[in-house]
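Trainee: sequence plus predicted model, see below.
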Amino acid sequence: MKKLILIIFSVLVSFFSFGKNKKFNLSPKQYQIKVIARNYSSNDLQLAYPLNNKHYLVENSSTGKDSFVKEVDGAFTLNSETPFQPGIYSLVFKPNNNTFEILITENNQNIEISLDYNNIIETISFKDDSNESTLFLDYQKFIFSKKEEQKEAYNNDDSSIKEELNNQVVAYQKNIIKNHPNSFLAVIIKANLPLIEPEFKGLEAEIQKQKWEYYKNHYFDNINLVDSRLLRTPFFYNKVEDYLDKLTVQHPDSIITAVDLLLNKMKPSKENFKNFTVIFLNKYAKSKIVGMDAVYVHIVNNYYATGDADWIEQEQLNKILENANTLKPILIGKVAPNLSLEATNGIKFNLHELKSKYTVLYFLKSDCLNCKKSNNLDLISDYEKLKNLGAELIAVCFGDVEGAKKCTDAAKASKIKNWLHVKLAIDQETALKNYNLTFYPSVFVLDNNKKIISKRIGLDQLTEVIKE
């Protein structure tokens, strides 16, 4: 059974919180939105727009506040000293934050709206009937009417009516794209159309794989990634995020390929490129998935270090570059920085000289509460499993002479007592920097060549990670 294609975002009511828009700066009005709202008792009305899965309120340049001004005649006005950025905006009615969406374009900057609050969808109109806002409104009204018919069809379980409604919506959408190809609404509709798949052949598993590959490869066929108007729509950010999170294998190499594809396509649009470069940088800087710091380092090296991120201040850029350079030597697949270690029996050795199939480095400090909890996990059986897998388990204590001894004594009295307990025989600051040890405990898992195969995991994950 086909689903009714309803591309509309919230023609009636929704609720959300807001952020600030821009700094207060009084100046003569140049652009204005005026709303005449009958049967609306509140003195407060706001305008909001979506950006990156959040909503932001638009500031009124006449007052510096995030709301319309209610004039003597009862009309609401919101002025702006700069053009309103194109997008799908929401009128926010108080006190319940009920919203109704309107379309603003670069050619439609002075808007007058009339409505009856008791029945917005049936009564709302724009003074200029030729603008794109009216085109969007007509589409909203059409979709609303079809949704009402859809409810009735579902209540009656009438499949023929459902099919007919779907055909009507598709025909309406095609008509807009054909007759208004350059309109913002046409861009919005196209961006939400389902992909038309070709016929695939083979076994069921092969067909499913072909479908998935086709869907991923053609995911952006109808979405113009350089159209900055899409930034302020409710769906654009989610489309991009879904491509990275749901259609891309969650492995650093695959993510890097996807990020490069997106940013290279967006480069002609400075606003889109900047917006998503910053989003991707922060996303993978904060990622809890092991190894995703490689994506962060790649973005820094290929977009920030190259000068493409020309919006960033030099001081902040230097910090980002320094952070990436710190992470680079300890990415998954890199040979771990060598360490000069000293066991509790006084024997000194270098990490790279240690012969073992796997090496687990477990960095601790005496004043670390999380270390105490981690040390006492029930790992007695895991110790034997790990040793049988060929793992050398090394607990490395940081601190001055007294602190390191205290740390070692505590570790040897815990459930990791059978591990090899060592302290650093070199300058600790060097080791701290080389391994970017900003929190404890920290775990690094190395292979027989001392390449990093995992890190920042819990002791209870070691057996599973090494087995894999």
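Mentor: Now that the structure is in, tell me what you want to look at.

Trainee: what residues sit buried inside stretch 264-275?
Mentor: Neighbour counts over stretch 264-275 (16 or more other CB atoms under 10 Å) mark 265-266, 269, 272-275 as buried. Glycine gets a C-beta too; all of them are placed from N, C-alpha and C.

Trainee: using PDB, write out every CA atom in that stretch.
Mentor: C-alpha atoms of stretch 264-275 as PDB (Å, rounded to 0.1, in the frame of the first residue of the first chain):
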ATOM      1  CA  ASN A 264      33.500  19.300  -1.800                       C
ATOM      2  CA  LYS A 265      29.900  19.500  -3.200                       C
ATOM      3  CA  MET A 266      29.100  22.300  -0.800                       C
ATOM      4  CA  LYS A 267      32.200  24.400  -1.500                       C
ATOM      5  CA  PRO A 268      30.500  26.700  -4.200                       C
ATOM      6  CA  SER A 269      28.200  27.900  -1.400                       C
ATOM      7  CA  LYS A 270      30.300  29.700   1.200                       C
ATOM      8  CA  GLU A 271      27.500  29.600   3.800                       C
ATOM      9  CA  ASN A 272      26.700  25.900   3.400                       C
ATOM     10  CA  PHE A 273      30.400  25.000   3.300                       C
ATOM     11  CA  LYS A 274      31.100  26.900   6.500                       C
ATOM     12  CA  ASN A 275      28.000  25.700   8.300                       C
END
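
Trainee: so for that stretch, mean pLDDT?
Mentor: Averaged across stretch 264-275, pLDDT comes to 97.

Trainee: what about it, distance to the chain center?
Mentor: 16 Å (CA atoms, centre = their mean, to the nearest Å).

Trainee: then stretch 312-329?
Mentor: 21 Å.

Trainee: what's the span of stretch 308-321 from first residue to last?
Mentor: This stretch, stretch 308-321, spans 13 Å end to end (CA to CA, to the nearest Å).

Trainee: contacts made by it with the rest, please.
Mentor: 267, 273-274, 277, 281, 300, 302-305 (CB atoms under 8 Å, 6 or more residues apart in numbering).

Trainee: what are the buried residues along it?
Mentor: Buried, per 16+ other CB under 10 Å, within stretch 308-321: 309, 312, 317, 320.

Trainee: in what helix or strand does the second one lie?
Mentor: Spelled out, that is I312. Applying DSSP states H and E as the criterion places I312 outside every helix and strand.

Trainee: what separation do you get for it and K267?
Mentor: Here I312 is placed at a distance of 16 Å from K267 (CB to CB, to the nearest Å).

Trainee: ok, now the third one?
Mentor: Going from L317 to K267 by CB to CB gives 19 Å.

Trainee: ok, back up a step: what two of the buried residues of stretch 264-275 are the furthest from one another?
Mentor: The two members of the buried residues of stretch 264-275 with the most space between them (CB to CB) are K265 and K274, at 14.1 Å.

Trainee: show me how far the lengthiest helix in the chain is from its chain's centre.
Mentor: Longest helix in the chain, counting residues (DSSP state H): helix 132-156. Centroid separation for helix 132-156 versus its chain: 31 Å, with CA atoms, centre = their mean.

Trainee: who touches that helix?
Mentor: Helix 132-156 is contacted from outside by 4, 6-8, 11-12, 101-105, 107-108, 111, 121-122, 124-126, 128, 161-162, 165, 168-169, 172, 176, 180, 183-185, using CB under 8 Å, 6+ apart.

Trainee: could you pull out the helices in the stretch 1-150 of the chain for me?
Mentor: Assigned by DSSP state H, counting those that start in this stretch, the stretch 1-150 of the chain shows helices spanning 120-123, 132-156.
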